[in-house]
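Undergrad: all I have is the shape, not the residue letters:
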């Protein structure tokens, strides 16, 4: 079952948005528009959760909205910042992290495969790990 984490979107002066994830205080993101802040929030959540899963750290269960609201208010007050009553709360989907290896069969030109193997060895990866890392890096850039 997919998990959703509550994020608080606070409109700051100068029409920028700050995003708070009460379940993940280490996430610091925002955006120039609500749309940009929403995209950045999803990306920050995905990045943090990927890191937690790969490091075998426990991922907390999502907070309920009332608890999330109180936590955002508390952080704002602690930082001596106003808490706007029109703060927007949104559920941000957590990505699926089924890390079960799956065997796949791909066709790659022999010269390319030799180059891939050399790069994988240079970076201390297996071929599979290198190709996975390259694909995920490509996804983040595009």
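TA: Thanks, I have it. Bear in mind that the values here come from a model prediction, so they are computed numbers and not experimental data.
Undergrad: what strand or helix carries the residue most central in space within the chain?
TA: Nearest to the geometric centre of the chain sits residue 46, at 2.1 Å (C-alpha atoms, centre = their mean). Residue 46 belongs to helix 34-54 when assigned by DSSP states H and E.
Undergrad: buried residues, the helix or strand just after that helix. List them.
TA: Downstream of helix 34-54, the next assigned helix or strand under DSSP H and E is helix 65-78. For helix 65-78, burial by neighbour count (16 or more other C-beta atoms under 10 Å) applies to 68-69, 71-72, 75-76. To be clear about C-beta, it is placed using only N, CA and C from the backbone, and glycine gets the same treatment.
Undergrad: residues in contact with the helix or strand of the chain with the lowest mean pLDDT?
TA: Ranking every helix and strand in the chain by mean pLDDT, DSSP states H and E puts helix 127-141 at the bottom, with a mean of 86. For helix 127-141, the external contacting residues (C-beta atoms under 8 Å, 6 or more residues apart in numbering) are 101, 116-117, 119-120, 123, 125.
Undergrad: hmm, try it at 10 Å
TA: 43, 46-47, 50, 101, 103-104, 106, 108, 113, 116-117, 119-126 (C-beta atoms under 10 Å, 6 or more residues apart in numbering).
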